[in-house]
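Chemist: Structure for the following, please:
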Amino acid sequence: MSEAAFNLPAILDLSAAEPLRQTLLERMAEREILLNGAAVDRVSTACLQVLLTAAADCRGKGGRLRLEAPSDALRNAFTTLGLDQHLTEMCAP
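Modeler: Model prediction:
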């Protein structure tokens with residue numbers, strides 16, 4: 001398990017997708033990747049795709065990507081795209 005959560009940046013736009021992907025790839029060896037979404041003010045579909053792909057990759061390797069304290073902006077982005085179930089799974093304890 002990660003010792004500390006990775007704090008997602010306030011702006012998760014298209015330019016943040018590749019750096020986010022790289023960060024998650026670097027952490028993929030961990031049994032659980034813990035992300036803190038409290039500071040997110042804006043999120044793009046590209047970054048949601050990165051998060052969902054990383055979550056699926058973690059599950060495929062017997063691990064988990066867990067999201068704690070998702071901001072309203074992050075919750076709304078998941079909801080707008082009909083991805084509520086994925087958010088629920090990532091936020092489960």
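
Chemist: CA only for contacts and neighbour counts going forward, please
Modeler: OK.

Chemist: I figured residue 71 hits residue 40, correct?
Modeler: Yes. With contact defined as C-alpha atoms under 8 Å, residue 71 counts as touching residue 40 (5.8 Å).

Chemist: who's more crowded, these two?
Modeler: Neighbour count, other C-alpha atoms under 10 Å: between residue 71 and residue 40, residue 40 has more, with 20 against 17.

Chemist: Let me see the contact set for the more buried one.
Modeler: Neighbouring residues of residue 40 by C-alpha atoms under 8 Å, 6 or more residues apart in numbering: 8-12, 70-71, 73-74.

Chemist: And for residue 48?
Modeler: Residues touching residue 48, when contacts are defined by C-alpha under 8 Å, 6+ apart, comprise residue 78.

Chemist: quick one: stretch 39-58 to chain centroid distance?
Modeler: Relative to its chain's centre, stretch 39-58 lies at 5 Å (C-alpha atoms, centre = their mean, to the nearest Å).

Chemist: buried set for it?
Modeler: For stretch 39-58, a neighbour-count test (16 or more other C-alpha atoms under 10 Å) marks 39-40, 42-44, 46-48, 50-52, 54-55, 57-58 as buried.

Chemist: show me where this protein has helices.
Modeler: With DSSP state H, the ranges of helices along the chain come out as 14-27, 45-60, 72-80, 84-91.
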